[in-house]
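> Return a 3D structure for these sequence lines:
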Amino acid sequence: MAARMIDKFFASAEAALADIPDGATIMIGGFGNAGMPAMLIDALIAQAARGLTIVNNNAGNADSGLAALIAAKRVRKILCSFPRQADSWHFDKAYRAGEIELELVPQGTLAERIRAAGAGIGAFFTPTAFGTLLAKGKETRRIGERDYVLEHPIHADYALIKADRADRWGNLVYRKTARNFAPIMAMAAKCTVVQVRETVELGALDPEAVVTPGIFVQRIIKIAPSLRKAA
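Have a look, this model is predicted:
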């Protein structure tokens, strides 16, 4: 009977993010704008938590989404692979002013560090970055004929991600490449908040198409029809 009562839908993004404290570590899905949970980021800006550590593929684009969060001076540190693009002016300004700390992580290593957190892996060796400044201060080891760098998992307090469809148990289906980092971020965070285009009844999702099972999802927000085009 209790299982039938599971309902992870929230009435608003504001309600879903209300308990995020200052200093939280937050993973934000997206590859540039693809798969970026814009509505959740806007709600996070309105929520006003500060001193945040953000984990994302890049450091924001133009004036919206993650870039707007940085512009609002809410981010203390960011872990990402591509901090600088032609339109990353808000990150550039904050970094040059010493207002934000950067941990640069190669993209494959970033994905594996997030995945390792969700899989319960304590650490792993990778040849990526060996012999570069990114390996400075890290344990290295020669295995076979190659040199490796020891990398540790990235855990998060919250993950803010975007999916296409969800049922009330939190089972998720994504739209094409918009899924990017979302599945592994959902596994690596204590609390995963998802914005979706459509909510469906239990049983409406093909089990073979479900990428993220509901066990990794805590809160779901449906995008209002007026916001779908932008999101």
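
> what ranges do the strands span in the protein?
25-28, 52-55, 75-80, 101-104, 124-126, 140-143, 146-151, 156-167, 172-173, 189-200, 219-222 (DSSP state E).

> Which elements pack onto the first one?
In other words, strand 25-28. strand 52-55, strand 156-167, helix 182-188 (3 or more C-beta pairs under 8 Å, 6 or more residues apart in numbering; DSSP states H and E). The C-beta positions use only the backbone N, C-alpha and C, and glycine is treated the same way.

> which stretches of this structure have low pLDDT?
1-4, 225-231 (pLDDT under 70).

> longest single helix anywhere in it?
helix 107-119 (DSSP state H).

> What are the buried residues along it?
109, 110, 111, 112, 113, 114, 115, 116, 117, 118 (16 or more other C-beta atoms under 10 Å).

> and the second one, what does it touch?
With contact set as C-beta atoms under 8 Å, 6 or more residues apart in numbering, residue 110 has these partners: 55, 57, 79, 80, 81, 154.

> my guess is residue 113 contacts residue 152, does it?
Yes. Residue 113 is within contact range of residue 152, at 6.9 Å (criterion: C-beta atoms under 8 Å).

> Now for the nearest residue to residue 88 once chain neighbours are set aside: which residues touch it?
Using C-beta to C-beta, 6 or more residues apart in numbering and skipping the chain neighbours, the partner closest in space to residue 88 is residue 59 (5.4 Å). Neighbouring residues of residue 59 by C-beta under 8 Å, 6+ apart: 66, 67, 70, 78, 80, 82, 83, 84, 88, 91, 102.

> In helices, which of these appear?
66, 67, 70, 91.

> Out of those residues, which comes closest to residue 6?
residue 66 (31.0 Å; C-beta to C-beta).

> And the closest one, how close does it get to residue 29?
For residue 66, the distance to residue 29 equals 10 Å [C-beta to C-beta, to the nearest Å].

> Overlap in contacts, these two.
36, 56.

> coming back round to it: of the contacts of residue 59, closest to residue 42?
residue 66 (10.9 Å).

> got the contact list for the closest residue to that closest one other than its chain neighbours?
Once flanking residues are discounted, residue 66 sits nearest to residue 60: 3.8 Å by C-beta to C-beta, 6+ apart. Residue 60 makes contact with 66, 67, 68, 69, 70, 88, 90, 91 under the criterion C-beta under 8 Å, 6+ apart.

> Now do the same contact list for residue 33.
61, 65.

> Isn't residue 154 up against residue 112?
No. Residue 154 sits out of contact with residue 112 when judged by C-beta under 8 Å, with a separation of 9.6 Å.

> just to revisit the earlier point, now distance to residue 216 too, for the buried residues of helix 107-119, in JSON lines please.
Below are the buried residues of helix 107-119 laid out as JSON lines (distance: C-beta to C-beta, whole Å):
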{"residue": "109", "distance to residue 216": "22"}
{"residue": "110", "distance to residue 216": "19"}
{"residue": "111", "distance to residue 216": "16"}
{"residue": "112", "distance to residue 216": "18"}
{"residue": "113", "distance to residue 216": "17"}
{"residue": "114", "distance to residue 216": "13"}
{"residue": "115", "distance to residue 216": "12"}
{"residue": "116", "distance to residue 216": "15"}
{"residue": "117", "distance to residue 216": "12"}
{"residue": "118", "distance to residue 216": "8"}
